[in-house]
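Student: can you look at this prediction? I've put the sequence above it.
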Amino acid sequence: STHQHPHRQHQQQQRYPQHHQYQQSSSCGANDNANDNHNVDPRQSLLVQQREDEYALRVMQQREAEMQDINRKMHAVNEIYKDLGEVVEQQQETIDEVEEKYADAAE
């Protein structure tokens with residue numbers, strides 16, 4: 001509703017003066033960001049970027065440490081399976097010997 005009653009428009013301007021001011025001052029949304037960038041302190045921007053970089057580095061280091069931990073645990077599981085395989089092989093040899101002795105005794 002672009003055509004408002006003058007009294008109603010005046011009430012809106014009193015309740016929301018910043019809204020009226022914004023409507024008058026902003027002609028294009030693309031320029032708003034450009035104007036905001038001029039107000040940013042370059043040192044503050046650099047500090048924010050540095051903190052973001054430090055955070056990213058800490059996250060990468062943490063992920064690397066977790067991956068190394070997973071790798072160590074996988075090697076430990078692999079060793080357990082190798083040991084288990086040797087135990088099963090030894091038990092199979094014992095079972096084979098018992099079966100042979102039983103078969104010899106039965107004859």
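Tutor: Alright, I've got the coordinates.
Student: what is the mean pLDDT for the helix or strand where Gln90 lies?
Tutor: For Gln90, the host element (DSSP states H and E) is helix 42-106. Model confidence over helix 42-106 averages 95 on the pLDDT scale.
Student: list the helices and strands that helix packs on?
Tutor: Here helix 42-106 touches no other helix or strand, going by 3 or more CB pairs under 8 Å, 6 or more residues apart in numbering; DSSP states H and E. Quick note: C-beta positions are derived from backbone N, CA and C, even for glycine.
Student: burial count for Gln61?
Tutor: Other residues near Gln61 come to 10 when the count uses other CB atoms under 10 Å.
Student: any idea how far it lies from Gln68?
Tutor: From Gln61 across to Gln68, the span is 11 Å (CB to CB, to the nearest Å).
Student: anything in contact with each of the two?
Tutor: Shared contacts of Gln61 and Gln68 (CB atoms under 8 Å, 6 or more residues apart in numbering): none.
Student: separation between Val88 and Lys101?
Tutor: Distance of Val88 to Lys101, given as CB to CB: 21 Å.
Student: go on, Leu57?
Tutor: 67 Å.
Student: got it, and Ile70?
Tutor: Distance, Ile70 to Lys101, by CB to CB: 47 Å.
Student: give me the neighbour count for Leu57.
Tutor: When neighbours are defined as other CB under 10 Å, Leu57 has 10 of them.
Student: state the distance from Gln92 to Tyr81.
Tutor: 16 Å.
Student: and what of Lys73?
Tutor: 13 Å.
Student: next one: Glu97
Tutor: Distance from Glu97 to Tyr81, by CB to CB: 25 Å.
Student: same check on Gln68?
Tutor: From Gln68 across to Tyr81, the span is 21 Å (CB to CB).
Student: ditto for Val87
Tutor: Separation of Val87 from Tyr81 (CB to CB): 11 Å.
Student: can you check Glu93 too?
Tutor: Distance, Glu93 to Tyr81, by CB to CB: 19 Å.
Student: one more: Asp53?
Tutor: 42 Å.
Student: perfect, that will be all.
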